[in-house]
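Asker: build me a structure from this.
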Amino acid sequence: MQKDIALIRKHLKHDLTEVLIRFSLIIFLVVMSVRIFSPFMGLMVWALILAVTLYPLHQKLATKLGGKQGRAAILLVLSGILLIGIPTVILGTGTADFVDETHTAFENNTLTIKPPAASVAEWPVVGKKLHAAWTLAANDLPALLEKMQPQVSNFSKAALSFVAGTASGLFMFLFALIIAGIMMAFGESGSEAMLRIIHRMAGPEKGDQLQQLSTATIRSVAMGVIGVAFIQALLLGIGFVWADIPAAGLLAIIVLILGIAQIPPTLITIPVIAFLWWSGDSTLSNVFFTVYFVVAGLADNVLKPLFLGRGVEAPMPIILLGALGGMVTAGLVGLFVGGVLLALGYVIFMDWVNAGEDGGSDQAPGDTTDPIPANE
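Answerer: Numbers count the residues shown, from 1 in each chain. Have a look, this model is predicted:
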C-alpha cells in the first residue's frame, strides 16, 4: 500500500514539474513576444482597423478588376493617400502662410488689431476685462505681449507640440494605410485564420456571431465617429480656406478633434462667423458663408444616425459610450477597442439573460405534459 502511495506521489511530482515547466515556458514566450511586438502594436492596430473598414470597398473594386486583389488594394491605398494628402497640403499651406505672415508682421511692427466696439464692455462676466485687453492690443500690442510673456511662451510650446504630434500621427496613419492594403490583398485567408482563432476561444456556435459583431462595430465606429468627423472637418476646412479665414488648416484640425470627441463644432463655427461679420462688410458673401458654416457645423446631426450602429446588434448608445470611454482610456485607438469590447460585452450579457429565460423551466422542450406537483 505504501509502495503504491509512493509511486502515485512520484508520478504526481513528475507531472506537476512538467506542467510548471511548460506553463513557465509559455508565459515567457508570450511576455517576450508582446515586448518584441509592442513597438509596432499601435501601427498594426490602426492597419487592422483600416483593413476591416475598407474591406467591403476593396472587394467591390476587386470584382470590377476581375478578382485582382493586389491591384484593388494598390488602387485603394493610392486613392486614400491622395484623398488625405491633397486636403492636408491645402490646409497645411494655408496655416503655414498665416503663421509666416503673422511672424513677419510682428517682426516689422506692422501687426495691427482693430479696436473693439464699445458694446464688448457690456458683455456679462468677461466684458470689461476683454475690452481692456483688446484695447491694449489694438493700441500697443508689444506691451500686451510683454505683459503676457509666460502665457504666450506656454501657448507657443503647446502649439508646437500639437503640430508635431499631428504631423507624426498623420504619417503613422498613412503608413498604416499601406499595411492595411497588404492585409486586404490577403483578406480572405486572414479572415479564415481569425475565424479559427475565435472558434477556438468562443466555440463554433458563438464564433461567427462574435466575429461579425466585432467587424460591424469597427466599421460602425469608423464611419459614425471618425468618418463623420473627417467629412465635417473637410467641409468646414474648405469653407475656411474659401472665406479666407486665418489659420484655416489649424481650425479644421481642431474641428476634427472636437468631432471625434463628440463635441459640437459650433464652438469653432460661431467665433468664425462672428469674425467674418466683424472683419468684413455685411455683403452677400458673408450671408452665404454664414449659411454654409451653420449647415456644415450641423451636418453630424444628420450623418451620425445614418452610420453609427448600422448593422450592429448592440444599440447605438452602447457603441457610442464604448467609443467615448475607450478614447478617454486609450486615445484614438480606444475609440474602436472600447466600442468593440462594450458591444461584445452587451451581446454576451444579453445572450446569457435570454438563455436564462429560455431555460428557466425544467420541462423538456418537446414535453407537453404538466410537471408533477411537489406535494405528490
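
Asker: from here on, just use CA atoms for contacts and neighbour counts.
Answerer: Fine.

Asker: any weak-confidence spans in the stretch 201-350 of the chain?
Answerer: 279-282, 309-311 (pLDDT under 70).

Asker: go with 80
Answerer: Filtered on pLDDT under 80, the stretch 201-350 of the chain yields the residue ranges 202-207, 209, 246-250, 257, 260-262, 277-285, 304-314, 316, 330-335.

Asker: what segments of it are helices?
Answerer: Applying DSSP state H, counting those that start in this stretch to the stretch 201-350 of the chain gives helices spanning 204-221, 228-242, 248-260, 266-279, 284-297, 300-307, 316-330, 332-358.

Asker: of those helices, which is nearest Phe175?
Answerer: Closest of these to Phe175 is helix 332-358, at 15.4 Å (criterion: Cα to Cα).

Asker: what about Ile26, neighbour count?
Answerer: Using other Cα atoms under 10 Å, Ile26 has 12 other residues around it.

Asker: name the helix or strand for it, please.
Answerer: Per DSSP states H and E: Ile26 is located in helix 2-37.

Asker: show me what that helix is packed up against.
Answerer: Using 3 or more Cα pairs under 8 Å, 6 or more residues apart in numbering; DSSP states H and E, no helix or strand is in contact with helix 2-37.

Asker: phi and psi next, for Phe186.
Answerer: phi -110, psi 30 (degrees, to the nearest 10).

Asker: what about it, how many neighbours?
Answerer: Neighbours of Phe186 using other Cα under 10 Å come to 14.

Asker: could I get the pLDDT score of it?
Answerer: On pLDDT, Phe186 comes in at 87.

Asker: which residues touch it?
Answerer: Going by Cα atoms under 8 Å, 6 or more residues apart in numbering, Phe186 touches Gln69.

Asker: mind running it again at 10 Å?
Answerer: Listed by Cα atoms under 10 Å, 6 or more residues apart in numbering, the contact set of Phe186 reads Gln69, Gly70, Ala73, Ala180.

Asker: okay, now the second one: neighbour count?
Answerer: In other words, Gly70. The burial count for Gly70: 17, using other Cα under 10 Å.

Asker: what mean pLDDT does the strand or helix carrying it have?
Answerer: Assessed by DSSP H and E, Gly70 sits inside helix 69-107. For helix 69-107, the mean pLDDT works out to 75.

Asker: following element in sequence after it, please.
Answerer: Next along the chain after helix 69-107, taking DSSP H and E as the criterion, comes helix 127-139.

Asker: tabulate the contacts of Phe186 (JSON lines), appending distance to Leu16.
Answerer: What follows is these, written out as JSON lines (distance: Cα to Cα, whole Å):
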{"residue": "Gln69", "distance to Leu16": "50"}
{"residue": "Gly70", "distance to Leu16": "50"}
{"residue": "Ala73", "distance to Leu16": "51"}
{"residue": "Ala180", "distance to Leu16": "44"}
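
Asker: of those, which pair is most distant in space?
Answerer: Gln69 and Ala180 (12.7 Å).

Asker: more crowded one of the two?
Answerer: More crowded of Gln69 and Ala180, by other Cα under 10 Å: Ala180, with 28 against 21.

Asker: the more buried one and Ala51: what is the separation?
Answerer: According to Cα to Cα, to the nearest Å, Ala180 and Ala51 sit 5 Å apart.

Asker: hang on, the earlier thing: make a markdown table out of the helices of the stretch 201-350 of the chain and add mean neighbour count and distance to Phe23.
Answerer: Listed next are the helices of the stretch 201-350 of the chain as a markdown table, based on neighbours: other Cα atoms under 10 Å; distance: least, Cα to Cα, whole Å:
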| stretch | mean neighbour count | distance to Phe23 |
| --- | --- | --- |
| helix 204-221 | 20 | 26 |
| helix 228-242 | 21 | 46 |
| helix 248-260 | 22 | 43 |
| helix 266-279 | 15 | 55 |
| helix 284-297 | 16 | 56 |
| helix 300-307 | 16 | 45 |
| helix 316-330 | 19 | 30 |
| helix 332-358 | 18 | 28 |
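
Asker: pull the contacting residues for the closest residue to Leu341 other than its chain neighbours.
Answerer: In this structure, Leu341 finds its nearest non-sequential neighbour in Gly322, 7.3 Å apart by Cα to Cα, 6 or more residues apart in numbering. Gly322 sits next to 221, 316, 328, 334-343 when contact means Cα under 10 Å, 6+ apart.

Asker: among those, which pair sits farthest apart?
Answerer: Farthest pair in those, by Cα to Cα: Met316 and Val328, 18.5 Å.

Asker: quick one: Phe40 from Ile179, how far?
Answerer: 12 Å.

Asker: what about those two, which has more around it?
Answerer: Ile179 (20 against 11).

Asker: ok, and the closest non-adjacent residue to the more buried one?
Answerer: Ala47 (5.8 Å).

Asker: quick check: the one you found touching Tyr55?
Answerer: No: with contact defined as Cα atoms under 10 Å, Ala47 does not reach Tyr55; the gap is 11.6 Å.
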